[in-house]
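Novice: Pasting the sequence and the predicted model now:
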Amino acid sequence: MTRDKVLEIRDLAISFKTSGGKLCAVRGVDLDLYRGETVAIVGESGSGKSVTVKAIMGILSKNGAIESGQIHYYYKDNDQDTCQDLLELSKKQMRHTINGKRIAMVFQDPMTSLDPTMSVGNQIMEGMLTHYQTPKKEAYEKAVRLLELVGITNPEARMNNYPHHLSGGMRQRIVIAIALACDPDVLICDEPTTALDVTIQAKILELIQDIQEKTGISVIYITHDLGVVAKVADYVNVMYAGKIVEKGTTDDIFYRPQHPYTWGLLLAMPDLDTKTSKLYSIPGNPPNMTKEIVGDPFYPRNNYALEIDRREEPPMFQLTHTHSAATWLLSEHAPQYDLPQELIERIERMRKEEAAYGISK
Amino acid sequence: MKKYIAKRVLLSILTLFVIILVLFTLMQWMPGSPFNDEKLSIEQQMILREKYGLNDSVFVQFFRYLKNMLVGDFGDSYTISKNTPVSLLLKNRLPISLTLGAVSIVIGSILGLILGTVAALKHNTMIDTAATFFSVIGVSIPSYVFALGLSYYLGFRLGWFPMLYSQDQGAVAYVLPALALSMTVTATIARFTRTEMIEVMNSDYMQLVESKGVSGMQLILKHALRNASISIITILGPLIVSLMTGSLVVEKIFSIPGIGQLMIQAIQSNDYNVILALAFVYSAMYVGIMLVVDILYGVLDPRIRLVKENGNG
Amino acid sequence: MDNSINKTAESFKFIGTTGVLTIEEDYSEEARWKQMIKRVARNKGSVFGFVMIIFISFMAFAGPLMSGYEFDQQISGHESMAPRIPLLEKVGLFDGSETLKTSTGELVVNKYETLAGGEDVYHWFGTDVLGRDLFTRTWMGTRISLYIALVAVIADVLIGMTYGMVSGYYGGRVDTIMQRVLEIINGIPSLVVVTLLIIILKPGLLSITLAIALTGWIGMSRIARASMLKLKESEYVLAARTMGAKDFPIMYKEVLPNIFSQLLIMSMFSIPNAIFTEAFLAFVGIGIPVPMASLGSLISENFKSLTTHFYMIVPPVLVFALLMLSFNLLADGLRDALDPTLKEV
Amino acid sequence: ACGTDSGNDSADANSNMDSATTGTNGDKTLDVQFDVEVASMDPQIGTDGASFEVISSIIEGLYQLDSSGDPVLGMAESAEMSEDGLTYTFKLRDASWTNGDPVTADDFVYAWRRLADPDTGSEYAYIMGIAGVENAGDVIDGTADPDQLGVTALDDKTLEVKLSNPVPYFESLMAFISFFPMNQAFMEEVGDDYGTSADTLIANGAFKVEAYEPLTTSIKLVKNEDYYDAENVAIDALNFQVIKDSQQTMLSYQNGDIDVVALAGEQVDLFKDDPEFVNIQDGFVWYISPNTMVEGLDNANLRKAIATSIDKESIVNTALKDGSKPANYIVPVDLANGPDGEDFRSTTGTYLEYDPEAAVALFEEAKDELAAEEFTFSMLVEDTESAVNVSQMLKSQIEENLEGVTIEIEQMPKKTRLDRMKSKDYDLGLTRWGPDYADPMTYLDLWVTDGSNNDGSWTNAEYDELIFSSQNGELSLDKEARWEALKEAEQIILDDASVLPVYQKGSAVMIKSNVSGVDFHSVGVPRVFKNATID
Amino acid sequence: MASVSEPLLSVENLKQHFKVNRHYSVKAVDGVSFNIYPGETYGLVGESGSGKSTIGRSVIRLHEITDGEIRFKGLDISNKLDKPTTETLRTKMQMIFQDPMASLNPRKNVMDIVAHGLDIHGKAGSKKERADRVMEILERVGLSREFAGRFPSQFSGGQRQRLGIARALIMNPELIIADEAISALDVSIQAQIVNLMKEIQEETNVAYLFIAHDLSMVRYISDRIGVLHLGHMIETGTTEEIFSNPIHPYTKSLISAIPHPNSAIEKKRVALTYDYESSGLDYEQGSQHLVEGSHFVLGTAVEVAEWMKQDNQEDVLGLS
Ligand SMILES: Nc1ncnc2c1ncn2[C@@H]1O[C@H](COP(=O)(O)OP(=O)(O)OP(=O)(O)O)[C@@H](O)[C@H]1O
Ligand SMILES: Nc1ncnc2c1ncn2[C@@H]1O[C@H](COP(=O)(O)OP(=O)(O)OP(=O)(O)O)[C@@H](O)[C@H]1O
Ligand SMILES: [Mg+2]
Ligand SMILES: [Mg+2]
């Protein structure tokens, strides 16, 4: 199976000017997205997930600056394979050629991400009208079809509703419909379900999967819930302090995690059978990004920290063709170590569970 | 919605009633009387007070006033336009003041919106600072200084516009006074717009709109300004009223027969009926504008509509 | 992959978690107000505003003592003299001459030359039609204007804040009634009320201050109420209630400190308002009693000489505009720094 | 209205100075500035100068004033006074109202009764008593019916007036607008609407109203072709434009929009050398009224000390500049001529002149008498520019000359000031009095004991005696003796400093050089435009 | 688990209606009953708007309750409170909140925040005693003593939540209401807080009313669980009972929607759908039916019998 690259981020670094000084929110991110696949980015709050994808969309806030890097976007322009570095486009070009049309985004909070003064129908149609000058009638019909697609019953009636008429789950569906309106190649979902109930979350996730199946769109999915990752993602990027610390297929990450931070994330989530009297927790807090980071930013919280972590940031160690992690533990010089006991048990349980569900690998 | 408006109107009427009562009381405390000219003897004054019913008890006066008011009779002016029905004065002067007010508000709002929006879009740049500077200067130079300046340069020196108001000149007569008056409006609206726009531009839904690829004028007009205008509308109401009461300065400079000047003249000469009628007009205007603002609010902001519909059960 | 760093076995020793200690320094020790001052200080406008306010206040205090003239001293023969400033006069600026545009042609006059002993007389801002030194009067007027503004603001904060907080905190019927009352007060045009009040109370400094204070607090009460409405549902107020705190302690100890800065900013916006209302009253003729002066009364007094002796109106207008600008810039800056609704940029 | 051709007799440097309009179609329009709106167009109701000027332009009474201020016949063709001076018989000329009705004696009877009738509520009703018309007092009080008033129409064209005592200034009063006629039929037809628009106004004078509404800022009059003396009216139209701001006024004047304007304070400096600049003498006298019931001010020496510490010369030159004169008297210059044909002022003395040394001496005396060193008085002042400026100079001068006296200025609207003074709630009050008729009595009767304008409660039996006798006692029958008595009365007042006169008002006006014949009067109607001409 | 002892808190048929206007009121909680025993954790789950927070707030008397009876330590706290009852309620029952930032007064320093309860009830004692108590509690929740002079803004989210717990703990409460106390926190920090809460419970035998919508945490921490839907308690029982044998279709849909951190199975799972409108159920008609032990479900006899027949575990696994 050949995989078409859609998006290729290289060495992306972004900083913000703040009252506390310069804040390096993203410190050299590499990320690849292939056609029809879903990449998840997980990590704690403040690790730079949103900033990364906002850079793709060209909607960084004014105080933000791209320090370095490229975002290559591969697409077919008049049947010609074209590659474009999005960071080189002006804001205007971005809006005209990329935003909405080729890359669309769904935001975290459905309650605040719709314009309260415009009917949802118009909000869906707006993109089409702007980008393709679609005739109104056609746009209307397409909007109705989109509403159907995202599972809204009685779509014609909903077209005239205003956001406040709708529940959170409905609104998020609308936002997804807006994103899909111009048939983009890439859909970026920034924690689209965090603000929603579990049951609704499940529905939205299934909806995204469904749409992906139908349209073959590529999805970047941001979350800090590994359960969600498990459900939607093909590939996972674990992000910490503005860097990707581990990347791999979903199975790589769940069954063969390499980075101590990933271990922590996995263990902090009780699964159905967690019975231990204490949950595993990563001690401490994420680093303050306004301070210069020396060494591995994770080392103060890391039970497996090595002396070298204090001084030098680990590079990415490639394990397999899909799997890599940035931790000195993978270095040839690293001492012997065992995975945390709970993790071993957890993986064991997962395998059992698999069996219970009758899935064989 | 209808029920809501009816309820609001009723409340407004009640409010106005209380306002008249308050004004009436204040008026009783005013020192002096309309009929104390040097030339008038005490006996003569008593005759006049008797004639105009000022010797009756406050209650009698108040209810008589209310009763007459219901049929559009605001009494006669005592001093500043002797024996002229106040309603006639209003009829003559109010349209002029309203026209002037409306023109100034329109000019001021448009300029203010533009200025504020530009400042917000260029937040923290020289342009922003310049806009802020301009709008503050706009409110801090007293409008009479500004008015006389306009009259001197555009009227006297260049002769573009008439320096004095006259009814037969039509629209040109309003240009200079409206410009002078609209300074405050421009400045106030600009400042407010700037704040609002900065907030709206930072909101989540604007990010979504931008990520849809909407940009430029469409982004600003259809989304940002529309959302910002919801709160801008709220200051427009009080602004209009303060503009109307504050217009006396400009009225004086340009010899405009408006109601602003009348009010002050009336207060200074104890012309009770004129004071009451004008204060009533101002209050009614305020209450009316607030009503309109509330309704407009509903038109602009669909969320409000919902609440109000619910409000009717 | 390997680079110059020595990757000895030493480097690859487990050191375990060292985390907990490093967390502390991550979150700044700086007190909130220090951060705020820093933020305000970075806003050039508000720094300018602040410095200007200090300067103007200083001049309001010291200015009248500097010129050697009394603010109400009418020197006969010194009427309507143009500004004359030592040193600057040497370069032809402010040398006491002015051009009169009479109907029979332009006329350059320098009263200092025609005045007996005039060569040693200096009026830095000139004099008014009654022969009073405008420098002294301008700063004296600033003093009065600042005083009016200050008193108005204090009353504004006290009345408006209490009214708004009580109304917002108790809500329900109390709120409805209080808001209705407010609507009525607001419905009466404030200029009318102020004028009426002053006439009733006998014109004078006290009545002017009182009238401005009595009518100016409505905006403040709105803000206080809105903030109270927002904060009374906030979790820390709920927390206080679950622990059994009483209403007034909650209002004054929990809520007030949190909205106070906001109210203070609001009150800064009401300073220009108060100064302006006073200027309006001066224009109407019921301002500060003569021969005292406020910026407003100076402007409307000297306005009458705008086309004859232009220089007379310049100092009060300039100080007035500067004062307004400064208060507005400072308030803007403070709001930007303190108001969380305006995101940090 | 920018005239294209200018009568170039004012060869001035400033090209902005246009002259009065002689429009292309030959219309001659005179544009006049008012600084206040007209309060009433009803001759029996109007009380202010602006109203007087407009009303007198459209309605004419028995007499009118000539350019020197002397009464000459108007609607009356002839007048006859009985031997005892108690009966006047007027023959009316053939004249008509603009509604076509002839002007009849009944029009006068109707108007006069209307004036005196308490139901009308005219503020000037009392002037009927001043004119000495029989039963005037009782009618005004409501104790007698208006038709008891001593005025009768003997026939359509003959009017007889009966007086209760001889009134030397009766003829000049007849030029006062309160005594102007009114067409009864028209008045009754329009009723309360009288004077609310051009259609509800009637004229028998030189002009008629073309555009008017209450409190408007511009009034348009046009020549009344039916006026009996129309051929002598040289202008075709007369516009009154209200401009309150003095600087705007001058801009409009320079622009050519207005032909006749009044100058205020500072503007005088710029225009005083202009050939179009004119100084006019007014009848108003401004003075300080001391409340003699107040401790300190009950002392004549203190009052005199204050009065003589006022440098009136410097006040008129600095604060006013409009041609006002220092007033060392209370009866103004050029008010009235005596039986000898001389102006009252020119044959009597001056009082309370500025004399700082005398003031100090008097003050020392007063301090001894009062056994006090320091005095603080408040001074009520109305909130007009000139009054405020004058009061500041007064304060400064008094405080400087009399060490120990402090004056606190209280500014307030005029109505409030009058109220405070009437209720005797004041120390010093800066106030003024304007003449109602050309006789010193219009001033001198103010200070009789318990007089309604005697705010300061000053009382002097001798003075009272002189005034009452001159009004309707013995002295009223002897013109010369009366005249001397009035001089004596003034002396009594001022020697006791019951008022502290400051200045007699003057006005500075600009009149376009091609305009002439605008008459200014210090009594009654301030300006008369009927005789104006435009070259 | 001391189900034999007297309940610490008993809620009987609690109704909490909010008047929106004259014609309309929201029945946020409509006849809910449950007990909490000393030292246990009672988890309350349900979708947004189901009335979880309202129950919490009614119990701690932030609302005047519409109907029903609440007893705490044997005292009736559902009506007007007398002085001793107030005292007991306000000290022995405490609450911790969802938003760690919003629940701390940003203008007060840690010392004053934590000592607030002591101050209100005049239990602070001398200045030193007060400081000592605060220090002690701070250490107990894992914060350093030096923090006492700092302000909330100088702490991270997890640390702030510890402060919230410290503030409650200082009163020696017997019941703590935790309304979404961890849902605003990151996964890793959530675990820290949950561990802390468990430790404290072991030490002091405090009971929790744990309100959350994150079922995996609720399951981990709770002894017993109540499932709330539209203001009704539709199912309650021990954690084991609920999870291994969910009866009510809503409970099932809820459980099936929990995402498992297991990539292999999660891809295949489809959550059960439940829609009240189309389900044909009417909560008003139902009554509590005993399933077994302490396991109750809301429904009519017919419905319950119907549900009991199904293999519930199988449904929840959600394999399509
Ligand atoms: N406009 C901005 N100005 C200053 N700092 C910013 C800005 N936007 C983001 N940051 C900072 O950048 C860092 C990364 O933010 P980002 O929003 O990408 O985090 P995230 O991983 O999306 O977290 P979350 O899960 O909370 O959404 C944070 O420390 C944040 O404070
Ligand atoms: N003070 C109030 N006035 C009116 N309605 C209220 C009030 N408080 C809560 N409600 C309503 O009661 C219902 C239950 O609200 P509650 O906050 O208890 O839900 P919840 O289960 O806590 O939801 P969430 O998970 O979103 O916090 C909601 O419909 C809410 O709108
Ligand atoms: Mg994010
Ligand atoms: Mg809740």
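Specialist: Right, received. Where do you want to start? Numbers count the residues shown, from 1 in each chain, chains lettered A, B, ... in the order given. Ligands and ions are numbered 1, 2, ... in the order given.
Novice: who touches the host helix or strand of C:Phe248?
Specialist: C:Phe248 is located in helix C:247-249, with elements delineated by DSSP states H and E. For helix C:247-249, contacts defined as Cβ atoms under 8 Å, 6 or more residues apart in numbering or on different chains pick out C:169-170, C:240, E:120. The C-beta positions use only the backbone N, C-alpha and C, and glycine is treated the same way.
Novice: How about the residues of the stretch 201-320 of chain E by ligand 2?
Specialist: With the criterion set to Cβ under 6 Å from any ligand atom, the stretch 201-320 of chain E comes near ligand 2 through E:His213.
Novice: where's whatever residue of the stretch 201-320 of chain E ends up closest to ligand 2, which helix or strand?
Specialist: Nearest residue of the stretch 201-320 of chain E to ligand 2 (Cβ to the nearest ligand atom) works out as E:His213 at 5.5 Å. Using DSSP H and E, E:His213 is not contained in any helix or strand.
Novice: Number of residues surrounding it?
Specialist: 21 (other Cβ atoms under 10 Å in any protein chain shown).
Novice: Kindly report the same for D:Glu408.
Specialist: What D:Glu408 shows, counting by other Cβ under 10 Å, is a neighbour count of 13.
Novice: Quick check: it is in a helix.
Specialist: No. Counting by DSSP: H, G, I helix; E, B strand; the rest coil, D:Glu408 is not part of a helix but strand.
Novice: That one contacts D:Phe375, doesn't it?
Specialist: No. Applying Cβ atoms under 8 Å, one finds D:Glu408 not in contact with D:Phe375, separated by 11.3 Å.
Novice: still on that earlier bit, from the contacts of helix C:247-249, which is closest to E:Thr86?
Specialist: Nearest to E:Thr86 out of the contacts of helix C:247-249 is E:Ile120 (Cβ to Cβ; 11.0 Å).
Novice: so who does residue 304 touch?
Specialist: In the absence of a named chain, chain A is used. A:260, A:329, A:337, C:14.
Novice: my bad, the chain I had in mind was chain E
Specialist: Applying Cβ under 8 Å, 6+ apart, the residues near E:Val304 are E:247, E:289, E:297.
Novice: name the element the last one belongs to?
Specialist: In this case it means E:Val297. Assigned by DSSP H and E, E:Val297 falls in strand E:295-299.
Novice: Neighbouring strands - and their directions - for that strand?
Specialist: strand E:232-238 (antiparallel), strand E:287-292 (antiparallel) (DSSP bridges).
Novice: Now do the SS call for D:Phe240.
Specialist: strand.
Novice: Correct me if wrong: it contacts D:Val54.
Specialist: Yes. With contact taken as Cβ under 8 Å, D:Phe240 and D:Val54 are classed as touching, separated by 6.3 Å.
Novice: what about C:Val153, distance to ligand 1?
Specialist: Here the criterion is Cβ to the nearest ligand atom, to the nearest Å. By it, C:Val153 lies 34 Å from ligand 1.
Novice: ok, and which of the strands paired with strand E:295-299 has the densest surroundings?
Specialist: strand E:232-238 (a mean of 25; mean count of other Cβ atoms under 10 Å in any protein chain shown).
Novice: now what about it, what contacts it?
Specialist: E:30-34, E:223-228, E:242, E:246-248, E:250-251, E:283, E:286, E:288, E:291, E:293-299.
Novice: please redo it, this time with the cut-off set to 6 Å
Specialist: Residues outside strand E:232-238 that contact it (Cβ atoms under 6 Å, 6 or more residues apart in numbering or on different chains) are E:30, E:32, E:224, E:226-227, E:248, E:250-251, E:283, E:294-298.
Novice: List just the nearest of the residues you listed to chain B.
Specialist: E:Asp30 (20.1 Å; Cβ to the nearest Cβ).
Novice: sorry, back to before: in helices only, show me the contacts of helix C:247-249.
Specialist: Taking DSSP state H, the ones among the contacts of helix C:247-249 that sit in helices are C:169-170, C:240, E:120.
Novice: Figure out how far the following helix or strand past the strand holding E:Val297 is from the centre of its chain.
Specialist: Downstream of strand E:295-299, the first helix or strand assigned by DSSP H and E is helix E:301-309. Centroid displacement of helix E:301-309 relative to its chain, using Cα atoms, centre = their mean, to the nearest Å, is 28 Å.
Novice: Could you export the contacts of helix C:247-249 as JSON lines, including pLDDT, distance to C:Gly287 and neighbour count?
Specialist: Formatted as JSON lines, those follow (pLDDT from 0 to 100; distance: Cβ to Cβ, whole Å; neighbours: other Cβ atoms under 10 Å in any protein chain shown):
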{"residue": "C:Tyr169", "pLDDT": "91", "distance to C:Gly287": "38", "neighbour count": "21"}
{"residue": "C:Tyr170", "pLDDT": "90", "distance to C:Gly287": "39", "neighbour count": "15"}
{"residue": "C:Ala240", "pLDDT": "91", "distance to C:Gly287": "47", "neighbour count": "21"}
{"residue": "E:Ile120", "pLDDT": "91", "distance to C:Gly287": "51", "neighbour count": "18"}
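Novice: OK, contacts around D:Asp106?
Specialist: D:Ala153.
Novice: Just give me the closest of the contacts of A:Tyr304 to A:Met159.
Specialist: When these are compared for distance to A:Met159 (Cβ to Cβ), A:Pro260 comes out closest, at 50.5 Å.
Novice: What residue in the stretch 51-200 of chain E comes nearest to chain A?
Specialist: For the stretch 51-200 of chain E, Cβ to the nearest Cβ, closest residue to chain A: E:Ala191, 3.5 Å.
Novice: So that residue: helix, strand or coil?
Specialist: On the basis of three-state DSSP, E:Ala191 is classed as helix.
Novice: Buried residues, the helix or strand where C:Leu65 lies. List them.
Specialist: Element membership of C:Leu65 [criterion: DSSP H and E] is helix C:44-66. Buried residues in helix C:44-66, counted by 16 or more other Cβ atoms under 10 Å in any protein chain shown: C:45-46, C:48-50, C:52-53, C:56, C:59-60, C:63-64.
Novice: send the alpha carbons of that helix over as PDB?
Specialist: Coordinates of each C-alpha in helix C:44-66 appear next as PDB, following Å, rounded to 0.1, in the frame of the first residue of the first chain:
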ATOM      1  CA  LYS C  44       3.400  53.300  26.700                       C
ATOM      2  CA  GLY C  45       0.100  55.100  26.700                       C
ATOM      3  CA  SER C  46      -0.600  54.400  30.300                       C
ATOM      4  CA  VAL C  47       2.800  55.400  31.400                       C
ATOM      5  CA  PHE C  48       2.500  58.600  29.500                       C
ATOM      6  CA  GLY C  49      -0.900  59.100  31.100                       C
ATOM      7  CA  PHE C  50       0.400  58.400  34.600                       C
ATOM      8  CA  VAL C  51       3.400  60.700  34.200                       C
ATOM      9  CA  MET C  52       1.200  63.400  32.900                       C
ATOM     10  CA  ILE C  53      -1.300  63.100  35.700                       C
ATOM     11  CA  ILE C  54       1.500  63.300  38.200                       C
ATOM     12  CA  PHE C  55       2.900  66.300  36.400                       C
ATOM     13  CA  ILE C  56      -0.400  68.100  36.100                       C
ATOM     14  CA  SER C  57      -1.200  67.400  39.800                       C
ATOM     15  CA  PHE C  58       2.100  68.700  40.800                       C
ATOM     16  CA  MET C  59       1.600  71.800  38.700                       C
ATOM     17  CA  ALA C  60      -1.900  72.200  40.200                       C
ATOM     18  CA  PHE C  61      -0.300  72.200  43.600                       C
ATOM     19  CA  ALA C  62       2.800  74.300  42.800                       C
ATOM     20  CA  GLY C  63       1.900  76.300  39.800                       C
ATOM     21  CA  PRO C  64      -0.100  79.000  41.500                       C
ATOM     22  CA  LEU C  65       2.900  79.600  43.800                       C
ATOM     23  CA  MET C  66       5.500  79.900  41.000                       C
END
